[in-house]
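Novice: next input, structure requested:
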Amino acid sequence: MYINERIERQEQKDRYVAKRCLETIVKQGWNLKMEGTQDAYCPVDLTCTATSRYNDFLFNVEIKERYKNDTMLAQYPYAELKHNKLIRMRRATDYDTTRLYYLVLLNNKTCYLFDLDDIDWENIETFTWHIKKTEFDYDSDAYEDVLCYKLPYDKAKATCDCSEFYKEYSHNS
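Specialist: This next block holds a predicted model:
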């Protein structure tokens, strides 16, 4: 399978699970319309509109799926957000009308939703992460050092159990 196919397959799964999580998290009384971005390299994965009788609420969502065993989770109790990714997400978002969210799917079990507009960035730690240049290029040994933010899981705006949504996706795909 080619890299672009791997990326698209991952994007489809992420969007499905994230949409189900957002439907769970968004309060009743809101009509939620979500559209996945078609370009795998777009800085946000979903554009959303939540509508109530009185308000429209627009937001962009970037989705990341992460896996950490218990040891890693104890050592790294935060979601990683690449600095350059945050910059690209902000450029793709109109601040006058649209909020920016980061949705992390951890271990196919828990969804963490971070409101990036509410975070006090002065109090968020950074670190340099040595990671693969292209995540889905299994044949490449190319790595890079990337500046990242540590978003503590306990600072998420909302959480939900997403394990059932992964099962749904497996049955439907």
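
Novice: I'd like the next helix or strand past the lengthiest helix in the chain.
Specialist: The residue-count maximum for a helix in the chain (DSSP state H) belongs to helix 3-25. Elements were assigned by DSSP states H and E; along the chain past helix 3-25, the next helix or strand is strand 31-36.

Novice: and the helices in the protein?
Specialist: Taking DSSP H as the criterion, the chain carries its helices at 3-25, 70-75, 83-91, 163-172.

Novice: packed most tightly, which of these would that be?
Specialist: With neighbours defined as mean count of other CB atoms under 10 Å, the helices of the chain peak in mean count at helix 3-25, which reaches a mean of 17. C-beta: built from backbone N, CA, C; applies to glycine.

Novice: give me the distance from that one to the chain's centre.
Specialist: A distance of 9 Å separates the centroid of the chain from that of helix 3-25, by CA atoms, centre = their mean, to the nearest Å.

Novice: look up how far Tyr76 lies from the nearest residue to Lys132 once chain neighbours are set aside.
Specialist: Spatial nearest neighbour of Lys132, excluding adjacent residues (CB to CB, 6 or more residues apart in numbering): Tyr143 at 5.8 Å. With distances taken as CB to CB, to the nearest Å, Tyr143 is found 18 Å from Tyr76.

Novice: tell me which of the two has more neighbours.
Specialist: When Tyr143 is set against Tyr76 and neighbours are counted by other CB atoms under 10 Å, the residue ahead is Tyr76, at 14 against 11.

Novice: was I right about that one contacting Arg66?
Specialist: No: using CB atoms under 8 Å, Tyr76 is not in contact with Arg66; the gap is 9.5 Å.

Novice: any idea how far the residue positioned nearest the centre of the chain is from Lys13?
Specialist: Note on the chain: the residue nearest the mean C-alpha position is Ile63, at 2.1 Å, using CA atoms, centre = their mean. Relative to Lys13, Ile63 is positioned 10 Å away (criterion: CB to CB).

Novice: shared neighbours of these two, which are they?
Specialist: With contacts defined as CB atoms under 8 Å, 6 or more residues apart in numbering, no residue is shared by Ile63 and Lys13.

Novice: so what's the gap between stretch 81-95 and the chain middle?
Specialist: Remark: stretch 81-95 is offset 12 Å from the chain centroid, using CA atoms, centre = their mean.

Novice: that concludes my questions; thank you for your assistance.
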